[in-house]
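Peer 1: Could you work out the structure for the sequence below:
(2 chains)
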Amino acid sequence: MRYPILYISAFIILAVSCNKVEDVPVPVAKDSILKGTNSLEVASKPLMEGIYKVNSASSVFGDTIVVKWTREKLSFACFNGIYFVMDAGSLNSDISIEGYWRDGYSDGTGLCAMTIAKAEGGNEIVNEITPQQIIMRGAFGYGDDTTDQTFTLTYIRPFSDKVKNTKFNVLAHRAGGRTSDRLPVSENSIEMINWTERLGSTGIEVDVRITRDKVAFLYHDADINIRLTKKGPLSGEIKAYSWQELSSYVRLIHGEKIPTLEEALTFVVDSTNLDFVYLDMKEDKEAMAVVIPIQQKMLHRAHDKGRTVTIVVGIPSTAVLNDLMTYPDYQAIPSLCELTIDDVRTANSIVWSPRWTMGTQIDLVEQMHSEGKTAICWTIDNPAWIRDYLNNGHFDGLLTNFPSVVTYYHYIQK
Amino acid sequence: MGRKNIAFVLIFLLTALAAFPQQQDSALAKPLRFSVTVGACVTHYIDNLDYGNQNLGKNFAGFSFRLLWEPEYRLSLGAETGSYTMFKVKSPPGSAITGDITRRVTPVFLLVRMHIVDYIYFSTGFGLAFLTNTSNHADQKIVTNTTSLSNYLFSASYIYPLSTHWQLGVEVKVFDFGAYNDWMNSMQVFGTFRF
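Peer 2: The predicted structure follows:
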């Protein structure tokens, strides 16, 4: 063999290239400080929420952090896309807080463990009294092993009245974020819907497709691929298959079942505090006839449960608008229109949703407001732009792959 | 390294190899510059399915067709195609649906073959592959097609000349089809006509 090194090199390059992109595992503490603690009472939790000063590690997490309870988890949101997902419990009026942090824009992650001592706010919080001060002391680390970096947070102030009194939608793209951002659960899954509130999301956008036998389900891409799904025997255009085939042979990349639209919305209504769902229609032929009855059924379900949940069918294209207009009394259907404001009026959409690259468009947003409609901008991911749109725009919500960043810049407002 | 980069590296390597003059050319100048090869093979799918691989059939028959330009003693250039069944999955007993799924592939590769020593050849190829999935469930046949853009082939052959024009051989191949990261190997016998 005349050029063995060249052939061997080519083979090695090929072999190495076949490695999958690694997941970012969620770190788990080996010895939990929460053992033996008691759950905090519901009334205690809001007392911990607010803006905190970062006394150490500000070079990593910024000068301030937003601390907010999201259902059963205590979440921290930083300016730079880092977020914390924490559990908390109390023992003898000391509050222990433990969980992990993750950089949404990279694969940085690690453990975090903190304590609010009895004399530093723990006693008041446990006894449901507004504390004079709150100091969280503890440490964080990198990876699974240690928490060896000092980390201290000092309570500065509660959320402002402007924040408390304004309804602002933090909408999570693909039910929480993209699979490509290496989140611990798959996009457009029930598990992601369950997880996204930990990032501060108040609502979600999900991608809706229709099977061959007219079952609406959540999935983004047009084809079955190994980017979004575990490698299985089915391939090709996903809408070609029946629901039985998809549910039997396809699992999302982290092993979850593909949910039907009805399963997903039932979960939203029954098991979350999410109050806005944007159904991004990926099919434009006879899809509304399948999706709208489910939307209506779920709106009634929410009403019956005493919940206010807005569920809108999306209109991303003229073809989808035309599909909607074939539906009887289509102007009574809650919808979100990404097209012009004239199209918003044609469909009588309740939400106008322009692309973020069109700018803040304050005049048009105010025009929509004057017509009783809301305006939500999609899909904005860069922290600097998010800050700019929140500070200078008049939108009623932002759709993003990084809800924790929108959460930070929204709740930090004075 | 992305597959595009690999393709560039392979093209570069193969071009470099082809650019070197072979000393034996003048001594072994052959009037026969082309060959047509037809082969029949048994394929084996290297199972890397993460889900749904119960009742997986991995061994199937296939065939290939190859056209080569043989301008010199050492290297030959050409194209190869074929038809192979990668796998067949039957729904496991007790599952919600009964039926099967079959994935077939038709690669269309550019090929470089290198004469190593007497009778022994190595080949490498790259090109397109057309994947066809056929799902048969509940009396419904669903066929979907996928074009895979990043695909590779490596093979080793033993070729025995029967006469001036005819050759017989056996070949071991390994395929990589990038769209779904499918790997398959094959053992084939073939006949070649040189002209």
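Peer 1: Nearest to chain B: which residue in the stretch 101-250 of chain A?
Peer 2: Nearest residue of the stretch 101-250 of chain A to chain B (Cβ to the nearest Cβ) works out as A:Gly236 at 2.4 Å. From N, CA and C alone the C-beta is placed, and that goes for glycine too.
Peer 1: nearest residue to that residue other than its sequence neighbours?
Peer 2: B:Thr144 (2.4 Å; Cβ to Cβ, 6 or more residues apart in numbering or on different chains).
Peer 1: give the contact list for that neighbour.
Peer 2: Contact analysis of B:Thr144 by Cβ atoms under 8 Å, 6 or more residues apart in numbering or on different chains lists A:Ser235, A:Gly236, A:Glu237, A:Ala240, B:Thr132, B:Asn133, B:Ser135.
Peer 1: Lowest mean pLDDT among the helices and strands, pick that one out for chain B.
Peer 2: helix B:3-19 (a mean of 68; mean pLDDT, DSSP states H and E).
Peer 1: Near chain B, which residues of the stretch 201-350 of chain A are found?
Peer 2: A:212, A:223, A:225-226, A:230-237, A:240-242, A:244-245, A:247-251, A:255 (Cβ under 8 Å from any Cβ of the partner chain).
Peer 1: again, only using 6 Å
Peer 2: Applying Cβ under 6 Å from any Cβ of the partner chain, one finds that the stretch 201-350 of chain A approaches chain B through A:226, A:230-233, A:235-237, A:240, A:244-245, A:248-249, A:251.
Peer 1: Max pairwise distance over these: which two?
Peer 2: Pairwise distances across those peak at 21.8 Å for A:Ile226 and A:Gln244 (criterion: Cβ to Cβ).
Peer 1: State the distance from the residue of the stretch 101-250 of chain A closest to chain B to A:Arg212.
Peer 2: 12 Å (Cβ to Cβ, to the nearest Å).
Peer 1: The two - which one has more neighbours?
Peer 2: A:Gly236 (23 against 16; other Cβ atoms under 10 Å in any protein chain shown).
Peer 1: Can you report how many residues lie near A:Tyr241?
Peer 2: Around A:Tyr241 there are 25 residues (other Cβ under 10 Å).
Peer 1: In contact with it, which residues are there?
Peer 2: By Cβ atoms under 6 Å, 6 or more residues apart in numbering or on different chains, A:Tyr241 lies in contact with A:Arg212.
Peer 1: now do the one 5 residues further on
Peer 2: Contact partners of A:Leu246, counting by Cβ under 6 Å, 6+ apart, are A:Ile258.
Peer 1: remind me, longest helix of chain A?
Peer 2: helix A:288-304 (DSSP state H).
Peer 1: if we can go back for a sec, would you turn the residues of the stretch 201-350 of chain A next to chain B into a markdown table with secondary structure?
Peer 2: Formatted as a markdown table, these follow (DSSP: H, G, I helix; E, B strand; the rest coil):
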| residue | secondary structure |
| --- | --- |
| A:Ile226 | coil |
| A:Lys230 | coil |
| A:Lys231 | coil |
| A:Gly232 | coil |
| A:Pro233 | coil |
| A:Ser235 | coil |
| A:Gly236 | strand |
| A:Glu237 | strand |
| A:Ala240 | helix |
| A:Gln244 | helix |
| A:Glu245 | helix |
| A:Ser248 | helix |
| A:Tyr249 | helix |
| A:Arg251 | strand |
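Peer 1: how many neighbours does A:Val185 have?
Peer 2: Number of residues near A:Val185 (other Cβ under 10 Å) recorded here: 22.
Peer 1: Quick check: the gap between it and A:Gly177.
Peer 2: In terms of Cβ to Cβ, A:Val185 sits 9 Å off from A:Gly177.
Peer 1: same deal with A:Glu191?
Peer 2: From A:Glu191 to A:Gly177 the distance is 12 Å (Cβ to Cβ).
Peer 1: Comparing those two, which residue is more hemmed in?
Peer 2: A:Gly177 (25 against 20).
Peer 1: Spatially nearest residue to the spatially most central residue of chain A, not counting backbone neighbours?
Peer 2: Residue closest to the average C-alpha location in chain A (Cα atoms, centre = their mean): A:Gly176, at 2.9 Å. Excluding the flanking residues, the one nearest A:Gly176 by Cβ to Cβ, 6+ apart is A:Thr196, at 3.4 Å.
Peer 1: try A:Thr326
Peer 2: Per Cβ to Cβ, 6+ apart, closest to A:Thr326 is A:Met288, 7.0 Å.
Peer 1: Please name the bridge partners of B:Tyr84.
Peer 2: Beta-bridge partners of B:Tyr84, counted by DSSP bridges, are B:Val105.
Peer 1: so how many other residues sit close to it?
Peer 2: Neighbour tally, B:Tyr84, other Cβ under 10 Å: 23.
Peer 1: do the same with A:Pro158
Peer 2: 14.
Peer 1: Let me see the contact set for the residue nearest to it when sequence neighbours are not counted.
Peer 2: Counting by Cβ to Cβ, 6+ apart, A:Gly50 is the residue found nearest to A:Pro158 once chain neighbours are left out, at 4.5 Å. A:Gly50 is in contact with A:Tyr155, A:Arg157, A:Pro158, counting by Cβ under 6 Å, 6+ apart.
Peer 1: Okay, buried residues for stretch B:58-76 please.
Peer 2: Under the neighbour-count criterion of 16 or more other Cβ atoms under 10 Å in any protein chain shown, stretch B:58-76 has B:Phe60, B:Gly62, B:Ser64, B:Arg66, B:Leu68, B:Glu70, B:Glu72, B:Tyr73, B:Arg74, B:Leu75, B:Ser76 buried.
Peer 1: Wait, a strand at the first one?
Peer 2: Yes: for B:Phe60, which was evaluated using three-state DSSP, the result is membership in a strand.
Peer 1: Which pLDDT value does the model give the nearest residue to it once chain neighbours are set aside?
Peer 2: Among residues not flanking B:Phe60 along the chain, B:Thr85 sits closest, at 3.8 Å (Cβ to Cβ, 6+ apart). pLDDT recorded at B:Thr85 is 98.
Peer 1: Number of residues surrounding B:Thr85?
Peer 2: B:Thr85: 19 neighbours (other Cβ under 10 Å).
Peer 1: mind checking how far it is from chain A?
Peer 2: Separation of B:Thr85 from chain A (Cβ to the nearest Cβ, to the nearest Å): 13 Å.
Peer 1: tell me the phi and psi of B:Val89?
Peer 2: Dihedral angles of B:Val89 (phi, psi; degrees, to the nearest 10) stand at phi -110, psi 130.
Peer 1: Those residues of chain B touching chain A, which are they?
Peer 2: Counting by Cβ under 6 Å from any Cβ, chain B sits next to chain A at B:1, B:6, B:9-10, B:13, B:49-52, B:89, B:96-97, B:101, B:116, B:133, B:135, B:137, B:142, B:144, B:146, B:180.
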